[in-house]
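Novice: Model the structure of this input:
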Amino acid sequence: RGCSSDRDKMAAAIRCTLPNCQCECFAPGKTQLRTCETCKHGWVAHDLLTAAQAGKVRKQGAEKGTPCQNTQCKCAAFLHPSDSSIKSASRQCRECQHLESDHRFATRLDRQQAQELAQAENSLCVLPTCDCRGFLRPTSQSFALLAPKQCATCQHVVDLHRPCSAVDDLIVQRVAEAGHLRCQTKVSKDEAKKLQVLAEEGGCANFRAFEPVTIRHLEEDDDDHDVEKQRCPCPGYGSSHLPKLLKQYHGFSVEIVDQVLKGRTRCPSCQHMLGDHRLQTDVEAAAEEQATSGKCHLLRAVTFNTSKPDLSTFGCFLDGGNQGKVSIATKVTNEDEQQVRVASVSLPMVTSQQQTENKLVGDQNSLKDEPKKKRGRKRKKEDTSMEMETKAETGPRPAVQVQWEEAGCAAALPALEHADHQVCFTCSDVTCMAFGTHRTQDARVIQLLACGKKTGDILVKDTTVQQEVRIPRAEVSADQVGSSQVTRLAWLCQNNTSVLASGHRSGRVYLWQYKVHNRASSLAEIAVTEDTTSYPTSLKFSPTGKYLAVGFHDSKVCFYTLNLRAVTQASSQPVTKLVCTCEINYGAVRDMAWHPHKSMLAAAGEDDKITMFYMRTPEDKGADRGTIMHYFGNQQRKTQDFKVFQHVCALKGHVAFATAVAFHPSGRFLVSAGWDSQVLLWSTTDVENAIELNGDSSQIEPLCGFVIGRKKSAVGRKVRLPLKMDIVGPLMFLVLQTETGDAALAVYSLPKKHLTPNTLSQLCM
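Specialist: Residues are numbered from 1 along each chain as shown. Predicted structure coming up:
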């Protein structure tokens, strides 16, 4: 018996270390597994000790007192409460108000946690988006808001501050790959409506509020309306679940974690598996393309706080390495100081390696090479030819052909909210802004932002993000423009020449040449137009730089020819010359867009219409055919109308102000947006047919249409007001004003059935 009692004393067990406790083995509680069923003390106060070691620790605690093991507590001994009837598990120290189980000598687990905490203080956070340089213990002020094991800098737990392992790299890689991949799970319509997928990483509190709703009566076929199953609307795996995964699977092997991520990890947004966020197979892509080829899809929406959302502008351009970039400028107020915030981000794209010579513009855009729609009366086909540009413009011209990735653009756009992608500078009384580019002597492309002020001053700032040395800003004083308020700005950027057009309240339009010499920039006046009774509300250069269109507040549209060679060659010839003056129905001209290859202009105005203007050429004389009365008309008068722009037709579809319009780079169709939240697609072929019929647009209807901000899941179903628009390949960038007065940049993919299979975006700045 003596030997057996000695062996019991030498046997180690999980015993309680608190004084006056005789618990010899930890037994999990029936309701609380971390509380001992025998002594009601926590499992942390139990340690793997022999009976002799446990007695020694208990005796030492009874004589010298037990210090509190809480991180922020310096209590040296446990003071028993005055009420002795309180149970041992609920007793709190009279000095620090911590439980009795927290007052103990350091157990093996306490020593292990102290070692991990010391290691975490010198280790970076394993999260790739976190810049924390080491674990910082919560202070006395922040201790009430943070947990004991939560970092005061990044608010991540101490377990995430450790050396990065292969398992961490695997988890981060899998989550990053699935971050911009849509869920491929097929769900019913009712389930899809219940899924509230919010893109909080994109900075938008209500992502679905910007989704387009198809206008049904404009669709030719409505086969996808009866589809029972559709793809889950989740845009990507939520990165908010990443800290939990890194903490949960730390210490496991790579093989085990790889299998678990594929089969058991669920998305926090849609509750579907991580493996379901993947690329589509060929069969799935073909089936969905057939069902949704006529729909417009929202890729990403980002909101920005601004004091004047109508001043927000954006631009898409290519840098020196043919890398696509998108920038947005907004006006903000910081500590009673007016500032301009510029956010830029690079978009992934694939550049075509094969460079081919372009055909003549006249050969590319001949009406006999394009399919025609037969609307109204039957007509006999005749060979007609649109306008051919000058020899310099029609010769072989190298064009940068790029293809923009939809999924990559959607994943890169949220970076616009990060501080390292933003540039801020002070500028007060801003009335308009415009983006441009300039190619320096070292073949580097810099991004320029022109700001017009209420006093008439013009400021051009180098806003290239992530650049150590910037070119100093160039300014135009108010005295040079007669202290007239700047109403509109526009850039013409070709090769090494950058020209800025500024419209003023006086009705004049000034042309300024931007120059850079010896790291110094300047704006030199090269031309100015005459005074008018109204002020410019829209400026637009033609893609070739041959024409300048000026839209006014009194519905007039003036067309000017540009002779930039007179500037470079120091000739005495005038730089600008008025060609003609046209008008829209009524109201101000809100926006204009040139056809990428032809002398055709689309003007969006307050008359709720898209007015089309076209320049006829002598080659079009044999192409005119309308009613029988046309052949008995005054042919001499029609010959005099050649080489001037004429009003050809008006596209009717909006029920409110038309505020934005843009042509697709291929020139096959144009897109318009208005304050009725409608986005309409129009065929350019229909406009050309109206030109042949001398302006008969009675049969022109939109190809398709969408309404933004009317989704049932949108909060309040508020109307979004489109402000500016640009089309780059299959993507449509749209700046909108939200109901809260903020500016939003939304990216949509255009309907694929209206795009040719081999369409590549051509972005020539």
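
Novice: Contacts only, for residue 534.
Specialist: Residues in contact with residue 534 (Cβ atoms under 8 Å, 6 or more residues apart in numbering) are 507, 552, 553, 554, 556. All C-beta atoms are positioned from the backbone trio N, CA, C, and that covers glycine.

Novice: One more: residue 156?
Specialist: By Cβ under 8 Å, 6+ apart, the residues touching residue 156 are 125, 127, 130, 132, 150, 243.

Novice: of the residues you listed, the lowest pLDDT goes to which?
Specialist: Least confident of the contacts of residue 156 in the model: residue 150, at 79.

Novice: What residues are bridge-paired with that residue?
Specialist: residue 157 (DSSP bridges).

Novice: ditto for residue 499
Specialist: Bridge pairing for residue 499 - DSSP bridges - gives residue 492, residue 513.

Novice: Same question for the one 4 residues further on.
Specialist: Applying DSSP bridges to residue 503 yields these beta-bridge partners: residue 488, residue 509.

Novice: ok, it - contacts?
Specialist: Residue 503 neighbours (Cβ under 8 Å, 6+ apart): 486, 487, 488, 489, 509, 535, 536, 537, 539, 550.

Novice: Could you tell me which of the contacts of residue 534 are located in strands?
Specialist: Judged by DSSP state E, strands contain the following of the contacts of residue 534: 552, 556.

Novice: Flag the helix or strand of the chain with the lowest per-element mean pLDDT.
Specialist: Here the helix or strand of the chain ranked lowest by mean pLDDT, DSSP states H and E is helix 361-364, holding a mean of 35.

Novice: Correct me if wrong: residue 410 contacts residue 301.
Specialist: No. With contacts defined as Cβ atoms under 8 Å, residue 410 does not count as touching residue 301, sitting 9.8 Å away.

Novice: Would you mind listing the residues touching both of the two?
Specialist: Common neighbours of residue 410 and residue 301 (Cβ under 8 Å, 6+ apart) are residue 747.

Novice: re the thing from before, now, which of the contacts of residue 156 sits nearest residue 482?
Specialist: residue 130 (54.0 Å; Cβ to Cβ).

Novice: returning to that earlier point: just send the contacts of residue 534 back as CSV, with pLDDT and distance to residue 690 too.
Specialist: Output for those, formatted as CSV (pLDDT from 0 to 100; distance: Cβ to Cβ, whole Å):
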residue, pLDDT, distance to residue 690
507, 92, 32
552, 95, 25
553, 94, 27
554, 92, 26
556, 94, 22
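
Novice: Quick one: buried ones out of the contacts of residue 534?
Specialist: Buried residues within those, counting neighbours by 16 or more other Cβ atoms under 10 Å: 507, 552, 553, 554, 556.

Novice: Any buried residues in stretch 534-552, and which?
Specialist: So stretch 534-552, judged by 16+ other Cβ under 10 Å, has buried residues 535-552.

Novice: Take these and keep only those in strands.
Specialist: Going by DSSP E, the strands hold 536, 537, 538, 539, 540, 541, 547, 548, 549, 550, 551, 552 from the buried residues of stretch 534-552.

Novice: Return the closest of those with respect to residue 603.
Specialist: For those, the nearest to residue 603 is residue 551 (6.1 Å; Cβ to Cβ).

Novice: Name the nearest residue to the closest one, ignoring sequence neighbours.
Specialist: residue 589 (2.8 Å; Cβ to Cβ, 6 or more residues apart in numbering).

Novice: For the one you found, give its distance to residue 658.
Specialist: 10 Å (Cβ to Cβ, to the nearest Å).

Novice: swap in residue 282?
Specialist: 40 Å.

Novice: Tell me which of the two has more neighbours.
Specialist: residue 658 (32 against 7; other Cβ atoms under 10 Å).

Novice: low pLDDT regions in the stretch 401-550 of the chain?
Specialist: 401-404, 465-469 (pLDDT under 70).

Novice: ranges for the strands of it?
Specialist: In the stretch 401-550 of the chain, the strands defined using DSSP state E, counting those that start in this stretch lie at 401-404, 422-426, 430-439, 445-453, 458-462, 474-476, 486-494, 497-504, 509-517, 520-528, 536-541, 547-552.

Novice: Same list (those strands) but as a markdown table, adding distance to residue 254.
Specialist: Shown next, in a markdown table, are those (distance: least, Cβ to Cβ, whole Å):
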| stretch | distance to residue 254 |
| --- | --- |
| strand 401-404 | 35 |
| strand 422-426 | 38 |
| strand 430-439 | 46 |
| strand 445-453 | 43 |
| strand 458-462 | 47 |
| strand 474-476 | 56 |
| strand 486-494 | 50 |
| strand 497-504 | 53 |
| strand 509-517 | 53 |
| strand 520-528 | 54 |
| strand 536-541 | 57 |
| strand 547-552 | 61 |
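
Novice: what about residue 753, neighbour count?
Specialist: As a burial measure, residue 753 scores 15 neighbours (other Cβ under 10 Å).
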